[in-house]
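Asker: Here you go, sequence then predicted model.
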Amino acid sequence: MIKIQNLNAYYDDFHVLKNVSLEVEKGQIVVMLGPNGHGKSTFLKSVCGLVKKVTGSIAYEGKDITGLGAEKTVNMGITYIAENRELFPEMTVLENLKLGAYTKSARPLEKVFSLFPRLKARQAQFASTMSGGEARMLAIARGLMSNARFLAMDEPSLGLQPNLRIEVARIIKEINSAGITVLLVEQNIPQITALADKLYVLEEGRISFEGSKDEALGNDHLKEIFLGM
Amino acid sequence: MLTEIIDVIISGMINGSVYALMAVGLTLIYGVSKAFNFAYGSFYSMGGYLAFLVFGFAVLHNYLIVFCLAAPILFFFGYIIEKLLIAPLRKRDDWEVKVMMITLGLALFLDNSYQVVFGARMKSLPSILEGSFEAGNFILSYQDVVIFILSISGILAFRWFLNNTRTGMSVRAVAQNPAGAQIVGIPKEFVFSATFAISTVMVGMGGILLAQKYFVTPDGGWDILVKSWVITAFGGMGSIKGSLYAAFIVGMLEAFVGWQFGMTWTLIALFAVLLTTLVIRPQGLMGKRG
């Protein structure tokens, strides 16, 4: 579904990503692990048209989307879900969701509410008054409103307590079984990593590992650093 | 005495309503782009001159025609100015300062153009509605009533636009969280231009409404620019609700100070109140800290 080859990304003169290649098949959940500050977020943002200076190639469903801005990629079904949520604080839940459907091809509100019944009950509440867990759900729900077929999730469990992490993992699984392909980056969250069809590890802007969960478990370097075993 | 006080209150309310219409437009551009528009007052004068031009044609002697012609012209003018002068600057470093400089230049250019085309003398516009309501010593002109109703309608229409239309929602989205707006695919450049154009319409309409009472002059916009900024800062930079309250407070203050001490003191009183407020509440009446 998405094929990235030799992606390089820069912030001004700072070279963040170095020849990153990655592939996600339709219907998969692919997880990228890596320490903080090694370029995971930049990678997701580059894929979603949110980083200005990128070289290399990003192909989505066979079309080259390198350098296209988010205004275009969102319309093609690619949605970025930010690690710090980036909600509209002085708007209601419903208004946030409606803005998620800013592009022409929107998903019906009821479909999204069926995944997030709690948001339906709170649709008139202001986003700024929500708890961390609810705000995270809203960010994911807003991303789905655009009729996304490919979700790029930036640390969806960041800052959540363990029971909410399980909830997030459940929702990711549910979204995926509804036919949405997921690429997500995380530090090291067992519940999330367990969902992965394929794992990548990004260190200092380069891919240092690519393989299945079992292969990752057999890799001593990874076990020590990321899986804490 | 009592009728005098009522007169002053009414005058404050009417000026306040037009100030509100204009200050909300300025607050909106600041909220969305964080840029300071020095030409805002000159757009105010443009409204007055457009009305004056339309009235030059005998067949068009009607305020409805003035509004119907002025609104699209002002919108188009604002849109083009944003696209030609301001949008190219946004890609550069320190663009906010450059926007200040270029809008200052634009203001001087426009004011001088008005002087060349229309002359330096004041132009007057006919009253939107003649006649008045009288009860004893108390007189309320229909003109004032219409100005008040039109300003409030303008603000309500604007509110409706922000809350109920796709473009309006995207304007609020960019003002509240530009990064979030980008993520959901809102075209920021379009929102900037549209906001600038809408605020040009709002201040130009204010110009048409107030020109009937205070004449049109080439440099009459500076007073409005200063007042709109005082209101915006007083209400809390970027807070629309705050600037609404602030506009009425400023209108009232002006009317009372003018009545008690003379019009020359109004601007001094305004700044005194603004400074006191900002010392106590640096974020303004309803602005956010930080």
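Answerer: Perfect, I can see it now. Predicted model, so just to flag it, every value in this text is computed and none were measured. Numbers count the residues shown, from 1 in each chain, chains lettered A, B, ... in the order given.
Asker: all helices for chain A, in order.
Answerer: Using DSSP state H, the helices of chain A run over residues A:40-47, A:70-76, A:93-100, A:109-115, A:117-121, A:132-145, A:162-177, A:190-193, A:213-217, A:220-225.
Asker: Could you do the stretch 101-250 of chain B as well?
Answerer: Under the criterion DSSP state H, counting those that start in this stretch, the stretch 101-250 of chain B contains helices at B:142-164, B:166-176, B:178-183, B:188-214, B:221-235, B:240-261.
Asker: so the fourth one versus helix B:166-176, what angle?
Answerer: This points to helix B:188-214. If you take axes from the mean of the first three to the mean of the last three CA atoms, to 10 degrees, helix B:188-214 sits at 100 degrees to helix B:166-176.
Asker: Need the nearest residue in space to the residue in the stretch 101-250 of chain B that chain A sits nearest to, chain neighbours excluded.
Answerer: Nearest residue of the stretch 101-250 of chain B to chain A: B:Gly185, at 3.2 Å (CB to the nearest CB). All C-beta spots, glycine's among them, are computed from the backbone N, C-alpha and C. Closest residue to B:Gly185 apart from its sequence neighbours, by CB to CB, 6 or more residues apart in numbering or on different chains: A:Val74 at 3.2 Å.
Asker: Same question for A:Gly77.
Answerer: Nearest to A:Gly77 is A:Arg149, by CB to CB, 6+ apart, at 3.8 Å.
Asker: can you pull the pLDDT of the one you found?
Answerer: Looking at A:Arg149, its pLDDT reads 93.
Asker: which ones are touching it?
Answerer: Contacts for A:Arg149 (CB atoms under 8 Å, 6 or more residues apart in numbering or on different chains) come out as A:Met1, A:Gly77, A:Ile78, A:Gly179, A:Ile180, A:Thr181.
Asker: Which member of those residues is positioned nearest A:Lys104?
Answerer: Nearest to A:Lys104 among those is A:Gly77, at 11.4 Å by CB to CB.
Asker: who's in contact with the nearest residue to B:Ser239 once chain neighbours are set aside?
Answerer: Nearest residue to B:Ser239, sequence neighbours excluded (CB to CB, 6+ apart): B:Met286, at 4.4 Å. Contact analysis of B:Met286 by CB under 8 Å, 6+ apart lists B:Gly235, B:Gly236, B:Ser239, B:Lys241, B:Gly242, B:Tyr245.
Asker: most neighbours, which of those?
Answerer: Ranked by neighbour count (other CB atoms under 10 Å in any protein chain shown), those have B:Gly235 at the top, with 28 neighbours.
Asker: I am assuming the residue nearest to B:Gly185 contacts A:Lys104, so please confirm or correct that.
Answerer: No. With contacts counted by CB atoms under 8 Å, A:Val74 stays clear of A:Lys104, the gap being 10.0 Å.
Asker: Tell me which of those two has more neighbours.
Answerer: Between A:Val74 and A:Lys104, counted using other CB under 10 Å, the more crowded position is A:Val74 (27 against 10).
Asker: For that one, report the pLDDT, please.
Answerer: A:Val74 is assigned 92 on the pLDDT scale.
Asker: for it, what are its contacts?
Answerer: Counting by CB under 8 Å, 6+ apart, A:Val74 touches A:Tyr102, A:Thr103, A:Ser146, A:Ala148, B:Ile183, B:Val184, B:Gly185.
Asker: That one and B:Gln212: what is the separation?
Answerer: As judged by CB to CB, to the nearest Å, A:Val74 and B:Gln212 stand 47 Å apart.
Asker: Show the contacting residues for the most centrally placed residue in chain A.
Answerer: Taking CA atoms, centre = their mean, the centroid of chain A lies closest to A:Met153, which sits 1.2 Å from it. Applying CB under 8 Å, 6+ apart, we find A:Met153 in contact with A:Leu44, A:Ile81, A:Ile140, A:Gly143, A:Ile172, A:Val182, A:Leu183, A:Leu184, A:Val185.
Asker: Of those, keep whichever come out buried.
Answerer: Buried members of the contacts of A:Met153, scored by 16 or more other CB atoms under 10 Å in any protein chain shown, are A:Leu44, A:Ile81, A:Ile140, A:Gly143, A:Ile172, A:Val182, A:Leu183, A:Leu184, A:Val185.
Asker: hang on, isn't the first one packed against A:Pro156?
Answerer: Okay, so that is A:Leu44. No. Here A:Leu44 does not reach A:Pro156: they are 11.3 Å apart, not a contact under CB under 8 Å.
Asker: Around chain B, pick out the residues from chain A.
Answerer: Contact residues, chain A versus chain B (CB under 8 Å from any CB of the partner chain): A:48, A:50, A:70-75, A:79-82, A:86-91, A:95, A:98-100, A:102-103, A:142, A:146.
Asker: Please spell out the ChimeraX selection for the buried subset of those residues.
Answerer: Those of the residues of chain A next to chain B that count as buried under 16+ other CB under 10 Å are selected in ChimeraX with:
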select /A:48,50,70,71,73,74,75,79,80,81,82,86,87,88,89,91,95,98,99,100,102,103,142,146
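Asker: neighbours around whichever residue of the stretch 1-150 of chain B sits closest to chain A, how many?
Answerer: Relative to chain A, the nearest point of the stretch 1-150 of chain B is B:Lys91 (10.2 Å; CB to the nearest CB). Using other CB under 10 Å, B:Lys91 has 7 neighbouring residues.
Asker: Listing request: residues of chain B with sub-threshold pLDDT.
Answerer: Counting by pLDDT under 70, the ranges of chain B that qualify are B:58, B:60, B:289-290.
Asker: The helix ranked longest in it: which residues count as buried?
Answerer: Secondary structure of chain B per DSSP H: the longest helix is helix B:2-33. Buried residues in helix B:2-33, counted by 16+ other CB under 10 Å: B:7-8, B:10-33.
Asker: Summarise which helices and strands the helix or strand following it is packed against.
Answerer: Later in the chain than helix B:2-33, the nearest helix or strand by DSSP states H and E is helix B:40-56. Where contact means 3 or more CB pairs under 8 Å, 6 or more residues apart in numbering or on different chains; DSSP states H and E, helix B:40-56 is packed against helix B:2-33, helix B:63-81, helix B:95-118, helix B:188-214, helix B:221-235.
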